[in-house]
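[1] need coordinates for the below:
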Amino acid sequence: MDPLTRILWRMAQWWRHPPSRTYVRILIVVLVLAMVLVLIERFIGWPAWMTTDRVPIRRM
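    Below you'll find the model as predicted:
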């Protein structure tokens, strides 16, 4: 199934049978936390201790 069709189908389902307020609140909290993490990583940077060392690939 095409991803756009799937999204539109899901939106139609939500329009006909809206989710509970609790589900919507949890969804909003998760989205806000994800946005905060992206903004922190974008403007402050990625900490050095969370960066993995790249292992060189051996070529035969």
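
[2] max-length helix in the chain?
    helix 21-43 (DSSP state H).

[3] which residues touch that one?
    residue 19 (CB atoms under 8 Å, 6 or more residues apart in numbering). Where C-beta positions appear, they are placed from N, C-alpha and C, glycine not excepted.

[4] recalculate using a threshold of 7 Å.
    Contact with helix 21-43 is made by no outside residue, as judged by CB atoms under 7 Å, 6 or more residues apart in numbering.

[5] would you mind getting the angle between the helix or strand containing residue 8 and helix 21-43?
    Assigned by DSSP states H and E, residue 8 falls within helix 3-16. Put simply, helix 3-16 runs at 140 degrees to helix 21-43, going by axes from the mean of the first three to the mean of the last three CA atoms, to 10 degrees.

[6] now helix 3-16 - C-alpha only, CSV.
    These are the backbone C-alpha positions of helix 3-16, laid out as CSV (Å, rounded to 0.1, in the frame of the first residue of the first chain):
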residue,chain,number,x,y,z
PRO,A,3,2.4,5.4,2.3
LEU,A,4,0.3,8.4,1.5
THR,A,5,-2.8,6.3,1.1
ARG,A,6,-2.0,4.6,4.4
ILE,A,7,-1.7,8.0,6.1
LEU,A,8,-4.9,9.3,4.6
TRP,A,9,-6.7,6.0,5.6
ARG,A,10,-5.5,6.4,9.1
MET,A,11,-6.6,10.1,9.3
ALA,A,12,-10.1,9.0,8.1
GLN,A,13,-10.2,6.4,10.8
TRP,A,14,-9.3,8.9,13.4
TRP,A,15,-12.0,11.3,12.1
ARG,A,16,-14.7,8.6,12.3
